[in-house]
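Novice: what would the 3D arrangement of this be:
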Amino acid sequence: MFDKRKDAPEPPPEPAAVAPSTPKEFTSRSSAVIGKTINIKGTISGDENLIIEGTVDGSVDLPQHDLTIGESGKVTADLDAKVVKIDGEVTGDISGGEKVIISKSGSVRGNIVAPRVTLEDGAKFKGSIDMDPSDNKSTASKPKPTLTSSTSAEPKDTKDLDKAAG
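Specialist: Residues are numbered from 1 along each chain as shown. You can find the predicted model right below:
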């Protein structure tokens with residue numbers, strides 16, 4: 001009988017243990033959220049992951065963190081993040097340090113630069129994709145020689161014409 005009475009006081013400490021775990025959830029929040037009714041004009045930067053469900057006009061700079069554009073998100077901005085996942089609408093250039101994912105509900109009008117790009121079935125995309133990691137490091141200095149070499153093809157043609165004429 002006395003043992004059963006000792007078991008009864010034990011449940012109250014359990015709820016006390018639950019209360020400290022609730023603050024841990026708040027301190028371990030992994031992402032900030034811009035809600036559906038929030039409109040932002042300007043530059044967004046920070047040191048945590050971000051989910052955008054609202055409207056953003058400007059730029060988003062989170063090169064060490066993940067960025068998600070939710071289904072209700074409407075973004076007119078250049079995006080720079082480690083991982084970019086798009087479920088909503090984006091108009092602007094996207095730079096992904098690791099990868100860019102456009103889901104079936106996503107729509108993008110702009111250029112993408114990332115080592116890995118995923119376009120799910122049903123995704124809407126208009127723009128260009130650059131998946132060459134060496135270009136990311138040299139900030140697209142390699143395509144310029146390609147343009148120069150196509151320009152240098154013109155003088156070769158001129159030399160060929162001179163040879164044919166002479």
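
Novice: residues near Ala81, how many?
Specialist: By other Cβ atoms under 10 Å, the residues close to Ala81 number 24. Using the backbone N, CA and C atoms, a C-beta is placed for each residue, glycine as well.

Novice: give me the distance between it and Asp121.
Specialist: Ala81 sits 24 Å away from Asp121 when distances are taken as Cβ to Cβ, to the nearest Å.

Novice: again, but for Gly97
Specialist: Computed as Cβ to Cβ, the Gly97 to Asp121 distance reads 25 Å.

Novice: neighbour count: these two, which is higher?
Specialist: Neighbours per residue (other Cβ under 10 Å) separate Gly97 from Asp121, with Gly97 holding more: 19 against 6.

Novice: need the three-state assignment for that one.
Specialist: strand (DSSP: H, G, I helix; E, B strand; the rest coil).

Novice: residues in contact with stretch 86-94: which ones?
Specialist: Here stretch 86-94 makes contact (Cβ atoms under 8 Å, 6 or more residues apart in numbering) with 52-53, 59, 68-80, 84, 100-103, 105-114, 127.

Novice: now with 7 Å, please.
Specialist: Contact with stretch 86-94 is made by 69-79, 84, 100-103, 105-112, as judged by Cβ atoms under 7 Å, 6 or more residues apart in numbering.

Novice: of those, which belong to helices?
Specialist: The members of these all map outside helices under DSSP state H.

Novice: buried by neighbour count, from these: which ones?
Specialist: Among the contacts of stretch 86-94, the ones that count as buried by 16 or more other Cβ atoms under 10 Å are 69-70, 73-79, 84, 100-103, 106-108, 110, 112.

Novice: so what are the structural domains in the protein, by residue number?
Specialist: Domain ranges of the chain: 33-131, 133-166, per automatic domain parsing.

Novice: quick one: neighbours of Asp130, just the number.
Specialist: 16.

Novice: excluding chain neighbours, give the residue nearest to it in space.
Specialist: Excluding its sequence neighbours, the residue lying closest to Asp130 (Cβ to Cβ, 6 or more residues apart in numbering) is Val113, at 4.6 Å.
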